[in-house]
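Novice: here's my sequence, what's the structure:
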Amino acid sequence: MAERLQKLMARSGVSSRRGAEVLILAGRVTVNGRVAQLGWQVDGGLDEVRVDGERIEVDRSDVHVLVHKPVGVVCSLRAQGGRRTVRQLVDLPDRLFPVGRLDVDSEGLVLLTNDGRLAHRITHPRYGCEKEYRVLLDRRPSREQMASWRRGVVLDDGRRTLPARVNPEVPVGGDESWMRVILRQGMKRQIRRTAQALGLNVLRLIRVRIGNVSLGNLAAGEWRSLAQGELGDLRSALGLA
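Specialist: Okay, here's the model as predicted:
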């Protein structure tokens, strides 16, 4: 079935649709050996689409997987310094890619998919998809530090973070250093850099939710497919239903 070239590229995980248009206009995309043009209709099952000479594969069916990434595993399709990748944790033949970032020292929920459009809406701050984290700090933040974190903080590169929801967890055993942080954006190492800007240090960081999808009791290193209800609610919240 034919579809617009940029839609097929986004569905393959190459880039967002807008990013695909940039690649096409730059002459970096070919279809059956010809330099592609905007507006072309292609069939992923029949046409050969290449970006910078590398053929892209398009799965007919979308696959969505939730993984509990352990510390030390990288959110990448390529190993770095001998470390395992989050993709290697999932024993499926499909071409899957991780949605967004979770640094090597952090743990928790990572989504893997072959649906580029869904991935774009989850990661782009325009769509306001919440990401929730449990954060263990070296000490309990003061009221002033909490207020600054909630308003937004200027990071070391001069960019200001968007307002965030930050609240202490109910103390367990007297430990009052665990926080719940909910973001609608995803700058690189944002929580760690924000804490550092406030004079705090992150000792442990666990992502527990993306949108309506929660980590639950999934053990580190394990994965499962998203339930149809979870996926339907997520797509609806992102305007894809």
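
Novice: the residue nearest the centre of the chain: helix or strand, and which one exactly?
Specialist: Nearest residue to the geometric centre of the chain (Cα atoms, centre = their mean): Gly100, 2.0 Å. Under the criterion of DSSP states H and E, Gly100 resides outside all helices and strands.

Novice: that one reaches Ile122, doesn't it?
Specialist: Yes: Gly100 lies in contact with Ile122 (Cβ atoms under 8 Å); the separation is 6.5 Å. Quick note: C-beta positions are derived from backbone N, CA and C, even for glycine.

Novice: which neighbours do the two share?
Specialist: Here Gly100 and Ile122 have Leu111, Ile210 as joint contacts, going by Cβ atoms under 8 Å, 6 or more residues apart in numbering.

Novice: ok so, going back, gap between the residue nearest to the centre of the chain and Gln80?
Specialist: Gly100 sits 17 Å away from Gln80, going by Cβ to Cβ, to the nearest Å.

Novice: ok, Gln196 next?
Specialist: Separation of Gln196 from Gln80 (Cβ to Cβ) stands at 23 Å.

Novice: quick one: which of those two has more around it?
Specialist: Between Gln196 and Gln80, Gln196 has the larger neighbour count (other Cβ atoms under 10 Å), namely 15 against 10.

Novice: check which helix or strand that one maps to.
Specialist: Gln196 is located in helix 190-197, with elements delineated by DSSP H and E.

Novice: show me what that helix is packed against.
Specialist: Contacts defined by 3 or more Cβ pairs under 8 Å, 6 or more residues apart in numbering; DSSP states H and E place helix 190-197 against strand 131-137, strand 178-183, strand 202-210.
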